[in-house]
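predicted structure and sequence below. I'll ask about it afterward.
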Number of protein chains: 2
Amino acid sequence: MTTPTPPTGTPLPLLDAPPPLRADAERNRVRLLDAAFRLMSQGGVANLTMEAVAAEAGVGKGTVFRRFGDRAGLLIELLSHREKNFQAAFLSGPPPLGPGAPAVERLHAFGPALLRHEGCHRDLILASRTDPVRQYGVPGYGLRTSHLTMLLREAGADGDLELIARTLLSSLDTALVAHLTAEHAVPLDRLDATWHHLVAHLVPESRA
Amino acid sequence: MTTPTPPTGTPLPLLDAPPPLRADAERNRVRLLDAAFRLMSQGGVANLTMEAVAAEAGVGKGTVFRRFGDRAGLLIELLSHREKNFQAAFLSGPPPLGPGAPAVERLHAFGPALLRHEGCHRDLILASRTDPVRQYGVPGYGLRTSHLTMLLREAGADGDLELIARTLLSSLDTALVAHLTAEHAVPLDRLDATWHHLVAHLVPESRA
DNA sequence: AGCATAAACGGACCACGGTCCTTTTGCATT
DNA sequence: AATGCAAAAGGACCGTGGTCCGTTTATGCT
């Protein structure tokens, strides 16, 4: 076999972009997401039955599964849509969360911001956690990890920065936070304080 | 209404012990747990269908639900049974994990031990995580938390020790570890190393 | 022993997630 | 325009978790 002809004028996929959907598929995709959003607005996440979403969107049930794989896939998609704002905030927003402030300050700012962001979407996030491992494969999680890793490196922290970043993220895990606030009445600022404590002890300059 | 007569010779429940089961209920309980264990041994966790367990135990399906609430409840019960050994190891086993060693050493020993313990029961643990919040309410988790909190205090750590303890636990969360080993081929000793790093940075005497 | 009562049992029943296979439809090529 | 084909749509179907309620059974009291 000869080398296949390189794509001519295609907008260079650049890192395995998923193949574009056929027109009808794309149309139904947005219909479904809209429908899901609508249903959730009125009845909460519990209302998001695959059949109900299909019906609301006016398509067959199979279509929902074909597009999103499973219920968790739909919820994750719904979620990722709303995460765009948060991502923009720490990637390119104003300091101290965004670039412009020293790395340590950005680290300190990240925890409280994440905490509050996740607080808004708690139900959706928790509902999307059918498979406990899956969340770690979601792009959003990967982005947070590499962002924190970078900030830690910039701040001069030592050790296995990626694992430390993941540990920091775990300390604000939605499920844990939900438990702490619900069962132990832990207020948010106590969580903020511990975040600051952790950051302070893990980057050298603040370490006395 | 007058004050009810205090219990006469009852073995003082001492902290809301669950009321004892009726004889047949208790008999069926062990039958069910046995059956579940048997089924899991041969076909893995996937074989643990509520109906299958009921059938194997020779009882009705409703009985399984009455006893364990739901599937997660059954799995958690199954799990708690096997955790006894681990708990004994850090509560009363030999040093450095058990009492006898200085608190810092016990802290260092705890992570690797937990990591390996959870590795053995990975499937069961992950399968029991239907509701992501629930795990934090099981006795085993509470015990680990208070144990670590105590060790941190003994070691002279500062800050919100309970939240720090929970953060340490989160860093070894089964789901996270499963992801790291499966997707990123992270070896266990790298996780050990980060555990030691975290402990070292969170208790004062080791902090330079 | 006989009885009353609360607890446990059983299995029919329901809802929902997920699969599968047939039919339809968009799209490219001639 | 006509045709061929891969992709999408649809919805019947299945398995399993979870509920419900009529029936059975253990246990404590007289």
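That came through, no problem.

how does chain A divide up, domain by domain?
A:23-69, A:82-202 (automatic domain parsing).

ends of the last one, how far apart?
Right, the one you point to is domain A:82-202. 30 Å (CA to CA, to the nearest Å).

tell me the most buried of the domains of chain A?
Among the domains of chain A, domain A:82-202 has the highest mean neighbour count (mean count of other CB atoms under 10 Å in any protein chain shown), at a mean of 18. The way it works is simple: take the backbone N, C-alpha and C, and place the C-beta from them, glycine included.

does it come close to chain B?
Yes - under the criterion of CB under 8 Å from any CB of the partner chain, chain B is reached by domain A:82-202 at A:126, A:129-130, A:132-133, A:135-137, A:159-160, A:163-164, A:166-167, A:170-171, A:173-176, A:178-180, A:182-183, A:186, A:190-191, A:193-194, A:197-198, A:201-202.

quick one: residues contacting the residue sitting nearest the centre point of chain A.
By CA atoms, centre = their mean, chain A has its centre lying nearest to A:G140, at 3.5 Å. By CB atoms under 8 Å, 6 or more residues apart in numbering or on different chains, the contact set of A:G140 is A:L79, A:S80, A:E83, A:Q87.

so where is chain A shaky, pLDDT-wise?
For chain A, applying pLDDT under 70 flags the ranges A:1-16, A:206-208.

any idea which element the closest residue to DNA strand D within chain A lies in?
Closest contact between chain A and DNA strand D, by CB to the nearest atom of the strand, is at A:G62 (2.1 Å). Element membership for A:G62 (DSSP states H and E) is helix A:61-68.

how far off centre is that helix?
The chain centre lies 22 Å from the centre of helix A:61-68; the measure is CA atoms, centre = their mean, to the nearest Å.

packing partners for the next helix or strand after it?
Next along the chain after helix A:61-68, taking DSSP H and E as the criterion, comes helix A:71-92. Packing partners of helix A:71-92 (3 or more CB pairs under 8 Å, 6 or more residues apart in numbering or on different chains; DSSP states H and E): helix A:23-43, helix A:50-57, helix A:61-68, helix A:103-120, helix A:122-127, helix A:139-154.

mind putting these into a markdown table with distance to B:L74?
Shown next, in a markdown table, are the helices and strands packed on helix A:71-92 (distance: least, CB to CB, whole Å):
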| stretch | distance to B:L74 |
| --- | --- |
| helix A:23-43 | 30 |
| helix A:50-57 | 26 |
| helix A:61-68 | 28 |
| helix A:103-120 | 30 |
| helix A:122-127 | 22 |
| helix A:139-154 | 30 |
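
what residues does chain A have near DNA strand C?
Chain A comes close to DNA strand C at residues A:22-24, A:48-51, A:61-62, A:65, A:70-72, A:130, as judged by CB under 7 Å from any atom of the strand.

if you set the cut-off to 10 Å instead, what comes out?
A:20-27, A:45-54, A:60-66, A:68-75, A:127, A:130-131 (CB under 10 Å from any atom of the strand).

got a list of what the nearest residue to A:H179 once chain neighbours are set aside touches?
Leaving aside its chain neighbours, A:H179 sits nearest to B:Y136 (3.9 Å; criterion: CB to CB, 6 or more residues apart in numbering or on different chains). Applying CB under 8 Å, 6+ apart, we find B:Y136 in contact with A:A175, A:L176, A:H179, A:L180, A:E183.

the closest residue to A:R29 other than its chain neighbours and chain B, how far apart?
Leaving aside its sequence neighbours, A:R29 sits nearest to A:R67 (CB to CB, 6+ apart; 5.6 Å). With distances taken as CB to the nearest CB, to the nearest Å, A:R67 is found 24 Å from chain B.

hey, C-alpha coordinates of stretch A:162-180 in CSV?
Extracted in CSV, the C-alpha atoms of stretch A:162-180 (Å, rounded to 0.1, in the frame of the first residue of the first chain):
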residue,chain,number,x,y,z
GLU,A,162,1.1,15.8,39.0
LEU,A,163,0.2,13.5,41.8
ILE,A,164,0.2,16.4,44.2
ALA,A,165,-2.1,18.3,41.9
ARG,A,166,-4.5,15.4,41.8
THR,A,167,-4.4,15.3,45.6
LEU,A,168,-5.3,18.9,45.8
LEU,A,169,-8.2,18.4,43.5
SER,A,170,-9.3,15.4,45.5
SER,A,171,-9.5,17.5,48.6
LEU,A,172,-12.3,19.4,46.9
ASP,A,173,-14.1,16.4,45.4
THR,A,174,-17.8,17.2,44.9
ALA,A,175,-18.9,14.0,46.7
LEU,A,176,-16.6,14.7,49.7
VAL,A,177,-17.7,18.3,49.9
ALA,A,178,-21.4,17.2,49.6
HIS,A,179,-20.8,14.8,52.5
LEU,A,180,-19.0,17.3,54.6
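
give the contact list for A:I76.
Shown in contact with A:I76 (CB under 8 Å, 6+ apart): A:S128, A:V138.

do the same with A:M50
Here A:M50 is in contact with A:K61, A:V64, A:F65, A:R71, A:L74 (criterion: CB under 8 Å, 6+ apart).

out of these, flag the one nearest to B:L32.
Comparing those against B:L32 with CB to CB places A:R71 closest, at 29.2 Å.

cool, thanks, signing off.
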